[in-house]
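Novice: Here is my input; please provide its structure:
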Amino acid sequence: MKVIILCGGEGIRLRNQIDYIPKGLVHIDNKPLLWHIMKRYSLFGFNEFILALGKYGHKIRNYFLNYSLYINDLGFTLGETYKPRYYNASQEESWKIILANTGDEAHTGARVFRCEKYIDSNEFMVTYSDCLSDVDLGKLLKQHKKNGKIATVTGVSPPFRYGEFIMKNNSVVDFNPTSKLSAIKGYVNGGFMVFNKKIFSYLNSYNECTLENEVFKKLTKKGSLDVYKHDKFWQPLDNDREFEYLKKLCEENKRFWLMK
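Specialist: Alright, predicted model coming up:
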């Protein structure tokens, strides 16, 4: 089962950075945020990734094409033809990665649609490149298969986030992508989604096609959108404050997203 990671945002510039970079390349604990997300999936046996690239996508390409240079110890002999020797190979060498150019201006639905040619199973996973969580991906997949909906989205309840799910039991009966609510009132879209291939009939290649504003509303009307409730750790990265918070968790050895 493949995992599509949406990496096409406008990017972010934090206090200690000169230029904009994709959120997924912001380093947390000496590794890009994207690496941490992929590592979460890998813990549950999901090692095939499709990175849906957009603006600044060349920077993500550069990181993974030179991954061994960045991660492993490196040896070479001066004066000889440059043939580096790599030491202490990483566990991530089993990862299979497709770097898919999905366009600078495409929204989330269009990006998923443009990855269809790489999907070869009935179900596949999708997430964003700017959120860390200790969500149980095994239980998420189990609920998706049990309930038989076209899409299952992880619902989280952080304060003051956007995208409220109105639910009856676990089934979504309404979806408001722009509402602002407190954690007490309900669940919002936290990413970490499972889709059936039937979802492609709700998508198109137009840049304006979005999962959040368009596709989820259509699925809701058909009773085909499910929510997996997650009440534990979930943290996005949108600003310096959230970056410092994640950095502090790592310093305190509280990497919840790397714990199974």
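
Novice: list the contacts for the residue nearest to residue 237 when sequence neighbours are not counted?
Specialist: Spatial nearest neighbour of residue 237, excluding adjacent residues (Cβ to Cβ, 6 or more residues apart in numbering): residue 130 at 5.0 Å. Yep, even glycine has a C-beta here, placed from its N, CA and C like the rest. By Cβ atoms under 8 Å, 6 or more residues apart in numbering, the contact set of residue 130 is 9, 23-24, 33, 236-238.

Novice: The helix or strand containing residue 139: which residues count as buried?
Specialist: Using DSSP states H and E, residue 139 falls within helix 137-147. Using 16 or more other Cβ atoms under 10 Å as the test for burial, helix 137-147 gives 137, 140-141, 143-144.

Novice: will you turn those residues into JSON lines that also has pLDDT and distance to residue 96?
Specialist: JSON lines is the format used below for the buried residues of helix 137-147 (pLDDT from 0 to 100; distance: Cβ to Cβ, whole Å):
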{"residue": "137", "pLDDT": "98", "distance to residue 96": "17"}
{"residue": "140", "pLDDT": "97", "distance to residue 96": "21"}
{"residue": "141", "pLDDT": "97", "distance to residue 96": "19"}
{"residue": "143", "pLDDT": "96", "distance to residue 96": "26"}
{"residue": "144", "pLDDT": "96", "distance to residue 96": "22"}
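
Novice: between those residues, which is closest to residue 249?
Specialist: Among the buried residues of helix 137-147, residue 137 lies closest to residue 249 (Cβ to Cβ), at 20.0 Å.

Novice: per-residue confidence for the closest residue to that closest one other than its chain neighbours?
Specialist: Leaving out its chain neighbours, the residue that sits closest to residue 137 by Cβ to Cβ, 6+ apart is residue 44, at 4.3 Å. At residue 44, the pLDDT value in this model is 96.

Novice: Likewise for residue 173?
Specialist: 53.

Novice: Same question for residue 19.
Specialist: pLDDT at residue 19 comes out at 72.

Novice: who's residue 154 bridged to?
Specialist: For residue 154, the beta-bridge partners are residue 228 (DSSP bridges).

Novice: distance of it from residue 137?
Specialist: 9 Å (Cβ to Cβ, to the nearest Å).

Novice: Now for those two: what residues contact both?
Specialist: With Cβ under 8 Å, 6+ apart as the test, residue 154 and residue 137 both reach residue 192.

Novice: For the closest residue to residue 38 other than its chain neighbours, which residues count as its bridge partners?
Specialist: What sits nearest to residue 38 in space, not counting adjacent residues and going by Cβ to Cβ, 6+ apart, is residue 49, at 5.9 Å. For residue 49, the beta-bridge partners under DSSP bridges are residue 3, residue 97.
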